[in-house]
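Asker: Fold the following for me, if possible:
(one chain, ligands or ions: 1)
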Amino acid sequence: MRRRLGPVQPDFIAWGTIGDVKAFKPHLLAISDYPYSARQALIKLDQNESPYGLPAELKSELAQRLQAQPLNRYPQMHAEALVERLADFEGWPQEGVVVGPGSNTIIYALAGAAQRVLDVEPSFAHYRRSAELQGTPYQAVPLAEGFSLPREELLQALAAEQPAGVFFLPNPHTPSGNFFAPELVYSLCEGAAQHDWLMIIDEAYYQFAPADMKRQAMGQPHLGILRTFSKAWGLAGARAGYLLASAEVAKLVRKLLPPFGVPSATVLTVELALENPGYVAEHVEKVRRERERLYLELKAHPSWRAYPSHTNFLLVATPDAETAFQALLKRGVLVRRQDHLPGLEGAIRVTIGTPVENDAFLQAAFEIAKEEELDKEKDDASGED
Ligand SMILES: Cc1ncc(COP(=O)(O)O)c(C=O)c1O
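Answerer: The predicted structure follows:
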């Protein structure tokens, strides 16, 4: 009997290193991976997701709609039917609406198209990465005291850095949770307009904040608003984000997005959510209330300090981010370290979860404080010997 050869074991294949493949632009090798590593934990507070998903009755409805969807067919080129719904929902001209599979894809397209990118520091990491991966010159202006906007420095950068480019500003700001006053932000937009820049206000968290800037952006070709279904809408898994801009800007961004790039399942999910938006305000209200509770309760913590937030997360300063991260993880609570960012030594970021999840976080945080205190007492005692 002839023996059949089994599949080749991957262990025995000599792949060589990427250095053997000369296909790629050399600058890409120096860029590190996206700063996130997935971990398993009972309580997941690491990605600023909503703790609440689509309500159960909407999920059932979605299952039925999916069943009726011919998945052997491509979706529309740029999700045109969804664009029409969104334009209606937002009260924005249809030609100025662009939908992508996550707002990250729109950021990437904008940063690739731009002659240069201006950012603040610290900021949402994807702006910088999108520029650097695509070889777009990148500059960041450090935020001032208390994560406030350095207006003069930013206006200077907009005037000095030519040719013009795209200026990304997350408002509410991530990773701090700060909210920049619309008048101040708009004065930067005027600076951008004066020097032919396009300013993109990333409003990923606007539902959790006191105001948004859609009204100011209407009719202002130098200002675009970026939004996502990943946070307040509770649809991070669906992957959908959108840009509200002038027709000209939208047309250009569409060119850079892959054709047929928004999956049919995503379109169905978002359409259903847009038909039933009532659940969002209710979920946002719960998250806001919990955010304030967490913020206030953390005031009693001996060594951790939360920053005020207008988002669905809290930035928390701790004596050491790695220690805090591991101690929380040991107690089943997964948060995100932020200490790789400039000026954020010791910082962790905690997504607001359900009340039960938040209680677990608080309990862990205060247990860790007790443990620290006991360790200190022990150290002090041994120092006396
Ligand atoms: C400021 C900001 N913009 C954009 C995104 C990404 O959104 P999406 O899930 O739509 O790609 C995030 C996600 O964390 C974010 O914090």
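Asker: now the helix or strand hosting Ala364, how far from the centre of its chain.
Answerer: Assignment of secondary structure by DSSP states H and E places Ala364 within helix 355-384. Taking Cα atoms, centre = their mean, to the nearest Å, one finds helix 355-384 lying 31 Å from the centre of the chain it belongs to.
Asker: Around the ligand, pick out the residues from the stretch 51-200 of the chain.
Answerer: For the stretch 51-200 of the chain, the residues in contact with the ligand under the definition Cβ under 6 Å from any ligand atom are 102-104, 124, 170, 174. Quick note: C-beta positions are derived from backbone N, CA and C, even for glycine.
Asker: who touches stretch 287-294?
Answerer: With contact meaning Cβ atoms under 8 Å, 6 or more residues apart in numbering, stretch 287-294 is reached by 50-51, 208, 232, 306, 309, 311-314, 350, 352-355, 358, 361-362.
Asker: Among the residues of the stretch 51-200 of the chain next to the ligand, which one sits closest to Val185?
Answerer: Within the set of those, Pro170 lies nearest Val185; the separation is 10.8 Å, counting by Cβ to Cβ.
Asker: Does that closest one have any beta-bridge partners, and if so which?
Answerer: Residues found in beta-bridge contact with Pro170 (criterion: DSSP bridges) are Asp202.
Asker: so what's the nearest residue to Ala140 once chain neighbours are set aside scoring on pLDDT?
Answerer: If the residues on either side of it in the chain are set aside, Ala140 comes closest to Glu121, at 3.9 Å by Cβ to Cβ, 6 or more residues apart in numbering. Here, the pLDDT recorded for Glu121 equals 97.
Asker: Glu121 pairs with what?
Answerer: Here Glu121 sits in beta bridges with Pro142, as judged by DSSP bridges.
Asker: Please enumerate the strands of the stretch 101-250 of the chain.
Answerer: For the stretch 101-250 of the chain, the strands defined by DSSP state E, counting those that start in this stretch occupy 117-121, 138-142, 166-170, 198-202, 223-228, 241-244.
Asker: Tell me which of those lies nearest to Lys25.
Answerer: Distances from Lys25 to each of the strands of the stretch 101-250 of the chain were compared by Cβ to Cβ, and the smallest falls on strand 138-142, at 15.6 Å.
Asker: next one: the closest one to chain centre, how far?
Answerer: Distance, stretch centre to chain centre, for strand 138-142: 18 Å (Cα atoms, centre = their mean).
Asker: which residues touch it?
Answerer: Contact partners of strand 138-142, identified using Cβ under 8 Å, 6+ apart, comprise 116-121, 123, 128, 131-132, 150, 153-154, 157, 161, 342-343.
Asker: okay, the strands of the stretch 101-250 of the chain in a markdown table with mean neighbour count and distance to Trp92 next?
Answerer: Output for those, formatted as a markdown table (neighbours: other Cβ atoms under 10 Å; distance: least, Cβ to Cβ, whole Å):
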| stretch | mean neighbour count | distance to Trp92 |
| --- | --- | --- |
| strand 117-121 | 22 | 24 |
| strand 138-142 | 17 | 29 |
| strand 166-170 | 26 | 19 |
| strand 198-202 | 26 | 14 |
| strand 223-228 | 25 | 9 |
| strand 241-244 | 25 | 5 |
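Asker: With distance to Glu271 added, can I get the ones you listed in TSV?
Answerer: Conversion of the strands of the stretch 101-250 of the chain to TSV gives the following (distance: least, Cβ to Cβ, whole Å):
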stretch	distance to Glu271
strand 117-121	32
strand 138-142	36
strand 166-170	27
strand 198-202	23
strand 223-228	16
strand 241-244	13
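Asker: and Pro93, which of those strands is closest to it?
Answerer: Taking Cβ to Cβ, strand 241-244 is the member of those nearest to Pro93, at 9.0 Å.
Asker: Tally up the residues packed near the residue nearest to Leu188 when sequence neighbours are not counted, please.
Answerer: In this structure, Leu188 finds its nearest non-sequential neighbour in Leu154, 5.6 Å apart by Cβ to Cβ, 6+ apart. Other residues within reach of Leu154 by the criterion other Cβ atoms under 10 Å amount to 21.
Asker: how much space between Leu154 and Ala144?
Answerer: Between Leu154 and Ala144 the distance, using Cβ to Cβ, to the nearest Å, works out to 10 Å.
Asker: likewise Lys255?
Answerer: Relative to Ala144, Lys255 is positioned 37 Å away (criterion: Cβ to Cβ).
Asker: what do you get for Ser50?
Answerer: 31 Å.
Asker: Who has more neighbours out of these two?
Answerer: Ser50 (23 against 13).
Asker: That one: which element?
Answerer: Taking DSSP H and E as the definition, Ser50 sits outside all helices and strands.
Asker: That one contacts Thr311, doesn't it?
Answerer: No: taking Cβ atoms under 8 Å as the definition, Ser50 is not a contact partner of Thr311, at 11.9 Å.
Asker: buried ones in the lowest-mean-pLDDT helix or strand in the chain?
Answerer: None of the helices or strands of the chain scores lower by mean pLDDT, DSSP states H and E than helix 355-384, at a mean of 89. When neighbours are counted by 16 or more other Cβ atoms under 10 Å, the buried residues of helix 355-384 are found to be 357-362, 364-366, 368-369, 372.
Asker: returning to what we had before: report all helices and strands that the helix holding Ala364 contacts.
Answerer: strand 43-44, helix 278-298, helix 321-330, strand 333-334 (3 or more Cβ pairs under 8 Å, 6 or more residues apart in numbering; DSSP states H and E).
Asker: And the average pLDDT for the last one is what?
Answerer: Strand 333-334 shows a mean pLDDT of 98.
Asker: next helix or strand past it?
Answerer: Sequence-wise, the next helix or strand beyond strand 333-334 is strand 336-337, with elements assigned using DSSP H and E.
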